[in-house]
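>>> Take a look and give me a structure for this.
(one chain, ligands or ions: 1)
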Amino acid sequence: MPIYQYDCAGCQKRVEVFFRSVSRVSDPACPECGGRDLTRAVSRIARARSVGEAIDSIDFNQELGRLEGKDERAFSRWARRMGEQYDGALGTDFGDLAAQADSGLDPSARADVAFTLQNKISRAKERFTSDSGDSGDAGAGGG
Ligand SMILES: [Zn+2]
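The predicted structure follows:
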């Protein structure tokens, strides 16, 4: 059921209007005063992109492809960018990685790094996607 926020010119309030279906969205009335002079407000909910979505949008293979045969500077730039976006949310160490690359990370270590990060990201994905709704299986995991 779609919910939209409107600014009502009649009562000067920001109101939420519920619609029974998307096809009925066209002619909203203010639930407070019944006025029809409503301006669609940009929903905060829609703007706050969830961390889960952000993680989902990482195309890791593509990101790794960009690193193929790249030098340290390119690698550190990449790691720094990823760190700014994801370190806080995922608990990853892209920031550290960037620093290591700056001080001369062995290129062969990148493969390990990539594997570790991919692991962390997929774990984070699971965590965020299983966050909503109760999961039946509280598995005995961990080693
Ligand atoms: Zn109103």
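>>> Pull the number of nearby residues for residue 65.
By other CB atoms under 10 Å, 9 other residues sit near residue 65. The way it works is simple: take the backbone N, C-alpha and C, and place the C-beta from them, glycine included.
>>> I'd assumed it was in a helix, is it?
Yes - counting by DSSP: H, G, I helix; E, B strand; the rest coil, residue 65 is part of a helix.
>>> For residue 80, which non-adjacent residue is spatially closest?
residue 98 (4.0 Å; CB to CB, 6 or more residues apart in numbering).
>>> Do you know the pLDDT at the one you found?
Note on residue 98: pLDDT of 82.
>>> Could you pull up the residues touching it?
76-77, 79-80, 83 (CB atoms under 8 Å, 6 or more residues apart in numbering).
>>> among those, which ones are buried?
76, 79-80, 83 (16 or more other CB atoms under 10 Å).
>>> and the two most separated of those residues?
Pairwise distances across the buried ones among the contacts of residue 98 (CB to CB) peak at 10.0 Å, for the pair 76 and 83.
>>> anything in contact with each of those two?
Shared contacts of residue 76 and residue 83 (CB under 8 Å, 6+ apart): 97-98.
>>> Next, work out how far apart residue 115 and residue 121 are.
Using CB to CB, to the nearest Å, residue 115 is found at 11 Å from residue 121.
>>> Cool, thanks, signing off.
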